[in-house]
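Chemist: Okay, here's the prediction I keep looking at, along with the sequence it came from:
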Amino acid sequence: MSNVLLTEDRFKSLIALAVSASASDLHLSPTAFPQMRVNGKLQPMADYKLTNDDTDSLAKFILTCEGRDEVLHGKLGDFDFAMSYSEHRFRGNAYNTRNGMAIALRFLPKRIPSMEELGLPANVLKALLARERGGIILITGPTGSGKTTTAASIIDYLNSNFHSHIVTIEAPVEFEHEHKFCNVDQRELPVDCRDFSTALRASLRQDPDILFVGEMRDFETISMALSAAETGHLIISTLHTPSAKDTVNRVVDVFPPDQQAQIRTQLSMALKAVLSQRLVPRADGNGRVAAFELMITTTAISSMIRENKISQMESAIQTGKNIGMIAFDDYLRFLVSKKLVKLEDALKFAAEPKNFIQ
């Protein structure tokens, strides 16, 4: 039996163990024990260390199956990919290290969960999505906070309830969408398109109604997204920012100083909402639960963005509860009151820990 088959068998057993432990991630590095992330913490999952041959063979197996062997031939030092294997789907990254090839895999749900199942403020989001099309909805939070799953859930809702053309630009494609009421065309970097900004520019000639941009990485992509939103397209995207005010600042700061006033004006008109999320340990120790901040762009908030008074946004979110806005600490208090989260864990994540108990 070849080394690849031996490695593949071992890989299947590691997957089975990770699934049984409800792990979110699997880490395979040469000269290290295989590890899995359970409830946010890494832990070893075998009593043997992987060799350089193990990880190289496994990387070759995975990437060759996906037609992505650029990493193995030295063309790239790392590579994002998504794959279906052994009845599971993963998002992964294969990358060269000093000791050889390493692989990080993120388990993806077998099906796209609904907004209700994710605990999202579904009624408010559905009302936003039912309004006149056009604008930008940003989903933000740190790496591993569930942004991609939230985006997939929103896209699936649109796909199930509207007759539209949805184009997604992703790196890689994680959740696979069926054609329901919508045509959903998914494009993956760098296989189907070169980069986000080029693909976004091309998408405007593909008669889209809704565009999902996997990440707003640079000013070209952000500028193109703003222009698309102004012309009546609904843009959904993600950013690695912890809150609505940080999101607005991040978008504006990407641009040169002499363009920032213009961008604030464009953003004040185009931005529909910012949904920021974090995953907090469940009180029963069984996984994590999402906590949210939801900012909806009202006339007052639009003025704050345009006039660079972003520091007032938190107060506006507090006073906007009657239209569905959610302050992050208020949502944490809600989770504590429902005994879904322990107070000590909520305090670790609170935006204002000193005022949290008041």
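Modeler: Structure received. None of the values given here were measured: they were computed from a predicted structure.
Chemist: to the chain's geometric centre, what's the distance from the longest helix seen in the chain?
Modeler: Secondary structure of the chain per DSSP state H: the longest helix is helix 3-20. Here helix 3-20 is found 27 Å from its chain centre; the criterion is C-alpha atoms, centre = their mean, to the nearest Å.
Chemist: what does the model give the residue nearest to residue 352 when sequence neighbours are not counted for pLDDT?
Modeler: What sits nearest to residue 352 in space, not counting adjacent residues and going by C-beta to C-beta, 6 or more residues apart in numbering, is residue 329, at 6.0 Å. The C-beta positions use only the backbone N, C-alpha and C, and glycine is treated the same way. Listed pLDDT for residue 329 reads 95.
Chemist: repeat for residue 75
Modeler: What the model reports for residue 75 is a pLDDT of 56.
Chemist: do the same with residue 21
Modeler: pLDDT, read off for residue 21, is 91.
Chemist: Check the contact between it and residue 38; I expect there is one.
Modeler: Yes - Residue 21 lies in contact with residue 38 (C-beta atoms under 8 Å); the separation is 5.3 Å.
Chemist: Can you tell me the SS state at residue 300?
Modeler: helix (DSSP: H, G, I helix; E, B strand; the rest coil).
Chemist: What is the neighbour count of it?
Modeler: Here the number of neighbours of residue 300 (other C-beta atoms under 10 Å) works out to 14.
Chemist: beta partners for residue 165?
Modeler: Residue 165 has these beta-bridge partners by DSSP bridges: residue 183.
Chemist: quick one: it and residue 324, what's the gap?
Modeler: 28 Å (C-beta to C-beta, to the nearest Å).
Chemist: Make sure the residue nearest to residue 352 is actually in contact with residue 350.
Modeler: Yes - with contact defined as C-beta under 8 Å, residue 329 and residue 350 form a contacting pair (5.2 Å).
Chemist: Show the subsequent helix or strand relative to the helix or strand where residue 124 lies.
Modeler: Here residue 124 sits within helix 122-130, counting by DSSP states H and E. Sequence-wise, the next helix or strand downstream of helix 122-130 (DSSP H and E) is strand 135-140.
Chemist: what about residue 143, which SS state?
Modeler: coil.
Chemist: Enumerate every residue touching the residue nearest to it when sequence neighbours are not counted.
Modeler: Beyond its immediate neighbours in the sequence, the residue positioned closest to residue 143 (C-beta to C-beta, 6+ apart) is residue 240, lying 6.5 Å away. Residues near residue 240 by C-beta atoms under 8 Å, 6 or more residues apart in numbering: 140-143, 215.
Chemist: swap in residue 88?
Modeler: Contacts of residue 88 (C-beta under 8 Å, 6+ apart): 15, 19, 107-108, 110.
Chemist: ok, what's across the strand from it?
Modeler: If you apply DSSP bridges, the partners that residue 88 bridges to are residue 85.
Chemist: Now do it against residue 106, distance only.
Modeler: Residue 88 is 11 Å from residue 106, by C-beta to C-beta.
Chemist: The helix or strand harbouring residue 105 pairs with which strands, parallel or anti?
Modeler: Under the criterion of DSSP H and E, residue 105 resides in strand 100-108. Here strand 100-108 has these sheet partners by DSSP bridges: strand 25-28 (antiparallel), strand 88-97 (antiparallel).
Chemist: same question for the longest one, mean pLDDT?
Modeler: Looking back up the chat, that one is strand 88-97. Computed over strand 88-97, the average pLDDT equals 87.
Chemist: Please point out which parts of that strand sit buried.
Modeler: Buried residues in strand 88-97, counted by 16 or more other C-beta atoms under 10 Å: 88-92, 94-96.
Chemist: Can I get it in CSV? Just the C-alpha atoms.
Modeler: In CSV, the C-alpha atoms belonging to strand 88-97 read as follows (Å, rounded to 0.1, in the frame of the first residue of the first chain):
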residue,chain,number,x,y,z
HIS,A,88,-17.8,16.5,5.1
ARG,A,89,-16.8,19.8,3.6
PHE,A,90,-13.8,21.9,4.6
ARG,A,91,-12.2,25.3,4.0
GLY,A,92,-8.5,24.8,4.1
ASN,A,93,-5.1,26.4,3.6
ALA,A,94,-2.0,24.4,2.6
TYR,A,95,1.3,26.3,3.3
ASN,A,96,5.0,25.7,3.2
THR,A,97,6.9,25.9,6.5
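Chemist: Show the pLDDT at the closest residue to residue 243 other than its chain neighbours.
Modeler: Leaving aside its sequence neighbours, residue 243 sits nearest to residue 276 (C-beta to C-beta, 6+ apart; 5.2 Å). At residue 276, the model reports a pLDDT of 97.
Chemist: so how far is the strand holding residue 105 off the chain centroid?
Modeler: 17 Å.
Chemist: so where do the strands sit in the chain?
Modeler: 25-28, 35-38, 41-44, 78-85, 88-97, 100-108, 135-140, 165-170, 183-188, 210-213, 234-239, 271-281, 288-296 (DSSP state E).
Chemist: Partner strands of the second one and their direction?
Modeler: Translated: strand 35-38. Strand 35-38 is paired, per DSSP bridges, with strand 25-28 (antiparallel), strand 41-44 (antiparallel).
Chemist: measure the nearest residue to residue 270 once chain neighbours are set aside to residue 134 for me?
Modeler: Taking C-beta to C-beta, 6+ apart, and ignoring the residues beside it in sequence, residue 270 has residue 229 as its nearest neighbour in space, at 4.0 Å. Going from residue 229 to residue 134 by C-beta to C-beta gives 6 Å.
Chemist: Would you mind listing the residues touching both of those two?
Modeler: Here residue 229 and residue 134 have residue 270 as joint contacts, going by C-beta under 8 Å, 6+ apart.
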